[in-house]
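Student: Fold the following.
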Amino acid sequence: MVAIQPRLTLQQQEIAADTRTLRSLDWDRSRFDIEFGLRNGTTYNAFLVRGERTALIDSSHAKFRSSWIPALQEMVDPTTIDVLIVSHTEPDHSGLIGDLLDLNPEIEVVGSKVAINYLQSQVHRAFNSRAVKSGETLDLGTNPESGIEHRFEFLSAPNLHWPDTIFSFDHGTGVLYTCDAFGLHYCSDEVFDTDPGSIAPDFRYYYDCLMGPNARSVLQALKRMEGLPEITMIATGHGPLLRDHLNLWITDYGDWSRERSKGDRYAAVVYVSQYGFCDRLSQAIARGISKTELPVQLVDLRGTDPQELTALISEATALVLPTPPADRDSDLQANWGTLLAALKAKQAVGLYDAYGGNDEPIDAVANQLRELGHPEGFAPLRIRSVPDAAAYQLCEEAGTDLGQLVQRAKTIKAMKSLDGDLDKALGRLSGGLYVVTAQQGEGSEMRSGAMVASWVSQASFEPPGLTVAVAKDRAIEALMQVGDRFVLNVLAEENHQPLLRHFLKRFPPGADRFAGVATLEGTAAGGPVLSEALAYLDCQVQQRMECADHWLIYAVVNGGNVADQQASTAVHHRKVGNHY
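Tutor: As a prediction, the model looks like this:
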């Protein structure tokens, strides 16, 4: 079998006065950090700004080494670059910094204090550096040709989506460089957001996956942005640059983040930065929690000030903790002690393995918390190998379970809040009974899910299409993004009870939904077809509309079949209209 080489291209373009972008277009990338699939590839954007001195903002993924460095050399002699601004050190943006240091050992690396520390561990050599924080500036001087002075102001933006992130604002052009924030995984030759409709679904998907679990941090960053002069463009690290519809994207970020940050209840998800897979596992857990509308606060145990750490832990409604390294350094040891001292009685706590190679045993930490009287938020997540798609799905589902546990009282209150007559009237809306199934990937990267559905309706004739309402906290919702495929299994009136009981039961995180259920393998592309189903429809998601606590999914039907032409569809009759 001949291996298919991924399509990797580069693009250069002037985007503002004295400012060019060097975009690395990764057309065929299908997954990002295993946790979620990409439908339209992605880009890694770097920028070159020339004042009296020259600055490069970020680099690219190491997979572009053979082409990116020569392309940069066409733009500028690397030995004349005075400053490298590191927005954050995730490898897709910092993968070629070592190569730049080889070409220009005298370059000054500017980033947050945390980023400089991370980078020292990545490149394994000494380099000139300057750590900056919010409000500090960097003056490149005036470009002799344009007469524009390029003075950068830095804004701290931790957890967007790594703890080391900074924004950089060029007062000379009004361009704000944000790296991951405001980005989207969308690969095209179009440099700017000229067609908002085409990129809006990917923009929202990216927000939900990476920024939504950090909604409180997003709001803090937006508040810092309000202190800047007029922003003319947001130059992101992924996807098209935001210029033509800038207010739309900023407004969306604010609205979505405020919705996710309502109230004073929140779950604190703790991680140890730059240790094992702690960063990514914590993000998956936080994403699961946020699906239940419980706000999340990510807390870096290594980098958080002790006083702030005490406040974040003591005020949290629930906590998620990693297994820290057994040989903790003095600062980490002190912060772990501060964390334990800040715990309050009855806070639900969930534990997860960091898989750093030197974790403190998870059972020892669990016993310590049990002795302190803390109820278990979810069963300890034992990560015993390099995390794959199933491990991230396990973490996301555990986070959702924790959020549902904490929100249970709120849910019950909402169920009782409707007017009696209205509630009964809504309950008279009936629907069929179906099981939605979905499956993506293969082998260790396979993810699957299933749910019982009754809010299903045909929505179009040509092409044939239907809508399914999916609660935001359903695990399968992550597998029903625009472009994804799923199967709608229609249950038969005469024999639907066994399947209904199976798929209505509460599955523990990571459980195989199809264990003990007969399926017809290879029948449909979207997911398993249930052998006992009356009929199935193979569907592909075209649009998603947010409807309060549900997503309304519109899908085109690509195929299907009926097992028994004489049988009838099972029907669901409710008594009340404010819960299933």
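
Student: per-residue pLDDT, the residue lying closest to residue 573 once chain neighbours are set aside?
Tutor: In this structure, residue 573 finds its nearest non-sequential neighbour in residue 430, 5.0 Å apart by CB to CB, 6 or more residues apart in numbering. Backbone N, C-alpha and C define where each C-beta goes, glycine included. What the model reports as pLDDT for residue 430 is 87.

Student: quick one, strands of the stretch 201-350 of the chain?
Tutor: 233-236, 267-271, 296-300, 318-322, 348-352 (DSSP state E, counting those that start in this stretch).

Student: Packing partners of the helix or strand harbouring residue 71?
Tutor: Element membership for residue 71, per DSSP states H and E: helix 65-75. In terms of contacts (3 or more CB pairs under 8 Å, 6 or more residues apart in numbering; DSSP states H and E), helix 65-75 is packed against strand 8-16, strand 19-26, helix 97-103.

Student: Sheet partners, orientation included, of the helix or strand that it is followed by?
Tutor: The helix or strand immediately downstream of helix 65-75 is strand 83-85, counting by DSSP H and E. Strand 83-85 sits in its sheet next to strand 54-57 (parallel), strand 108-111 (parallel), going by DSSP bridges.

Student: avg pLDDT for the helix or strand that comes right after strand 83-85?
Tutor: Next in sequence after strand 83-85, counting helices and strands by DSSP H and E, comes helix 91-94. The average pLDDT within helix 91-94 is 92.

Student: Buried ones in helix 91-94, by neighbour count?
Tutor: 92-94 (16 or more other CB atoms under 10 Å).

Student: Give me the helices and strands touching it, please.
Tutor: strand 42-50, helix 113-123.

Student: Looking at the ones you listed, which is nearest to residue 253?
Tutor: Among those, the nearest to residue 253 by CB to CB is strand 42-50 (18.3 Å).

Student: if we can go back for a sec, how far away is the residue nearest to residue 573 from residue 319?
Tutor: Distance, residue 430 to residue 319, by CB to CB, to the nearest Å: 42 Å.

Student: Give me the more crowded residue out of these two.
Tutor: residue 319 (25 against 10; other CB atoms under 10 Å).

Student: which one of the buried residues of helix 91-94 sits closest to residue 251?
Tutor: residue 93 (26.1 Å).

Student: looking at the helices and strands packed on helix 91-94, which has the lowest confidence?
Tutor: Lowest mean pLDDT of those: helix 113-123, a mean of 89.

Student: in the next helix or strand after that helix, what counts as buried?
Tutor: Counting by DSSP H and E, the element after helix 113-123 in chain order, helix or strand, is strand 128-131. Residues of strand 128-131 classed as buried: residue 129 (neighbour count, 16+ other CB under 10 Å).

Student: Convert strand 128-131 to CSV, retaining C-alpha atoms only.
Tutor: C-alpha atoms of strand 128-131 as CSV (Å, rounded to 0.1, in the frame of the first residue of the first chain):
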residue,chain,number,x,y,z
ASN,A,128,18.2,35.6,25.0
SER,A,129,14.8,36.2,26.5
ARG,A,130,12.4,38.7,28.0
ALA,A,131,9.4,37.8,30.1
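
Student: And for residue 249, nearest residue in space, chain neighbours not counted?
Tutor: residue 242 (5.1 Å).

Student: next one: residue 526
Tutor: Nearest to residue 526 is residue 485, by CB to CB, 6+ apart, at 3.4 Å.

Student: The one you found: neighbour count?
Tutor: Neighbour tally, residue 485, other CB under 10 Å: 19.

Student: give me phi/psi at it?
Tutor: phi -120, psi 150 (degrees, to the nearest 10).

Student: Let's see the pLDDT reported for residue 233.
Tutor: pLDDT, residue 233: 98.

Student: And stretch 103-110, end to end?
Tutor: One end of stretch 103-110 sits 17 Å from the other (CA to CA, to the nearest Å).

Student: How about that stretch, which residues are buried there?
Tutor: 104, 107-110.

Student: Please render those as TSV that adds distance to residue 359 to the earlier fields.
Tutor: Formatted as TSV, the buried residues of stretch 103-110 follow (distance: CB to CB, whole Å):
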residue	distance to residue 359
104	39
107	37
108	37
109	31
110	34
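
Student: can you list the domains in this structure?
Tutor: By the assignment in automatic domain parsing, the chain contains the domains 9-260, 267-411, 420-572.

Student: Adding distance to residue 578, write those out as CSV.
Tutor: CSV is the format used below for the domains of the chain (distance: least, CB to CB, whole Å):
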stretch, distance to residue 578
domain 9-260, 20
domain 267-411, 10
domain 420-572, 6
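
Student: Return the distance of residue 68 relative to residue 221.
Tutor: With CB to CB as the criterion, residue 68 and residue 221 are 28 Å apart.

Student: helices and strands of this protein: which one bottoms out on pLDDT?
Tutor: Lowest by mean pLDDT, DSSP states H and E among the helices and strands of the chain is helix 408-415, with a mean of 66.

Student: quick one: which of the buried residues of stretch 103-110 is nearest residue 236?
Tutor: If you rank the buried residues of stretch 103-110 by distance to residue 236 using CB to CB, residue 110 comes first, at 19.1 Å.

Student: ok, what's across the strand from the closest residue to residue 14 other than its chain neighbours?
Tutor: Spatial nearest neighbour of residue 14, chain neighbours left out: residue 20 (5.2 Å); criterion: CB to CB, 6+ apart. Bridge pairing for residue 20 (DSSP bridges) gives the partners residue 14, residue 48.

Student: Look up how far residue 74 lies from residue 20.
Tutor: 11 Å.

Student: any residues in contact with both of those two?
Tutor: residue 12 (CB atoms under 8 Å, 6 or more residues apart in numbering).

Student: Among these two, which residue is more densely surrounded?
Tutor: residue 20 (16 against 9).

Student: Surely the more buried one and residue 45 touch.
Tutor: No: at 11.0 Å, residue 20 does not count as touching residue 45 under the criterion of CB atoms under 8 Å.

Student: Spatially nearest residue to residue 288 (excluding sequence neighbours)?
Tutor: Using CB to CB, 6+ apart, the nearest residue to residue 288 is residue 399, at 2.7 Å.
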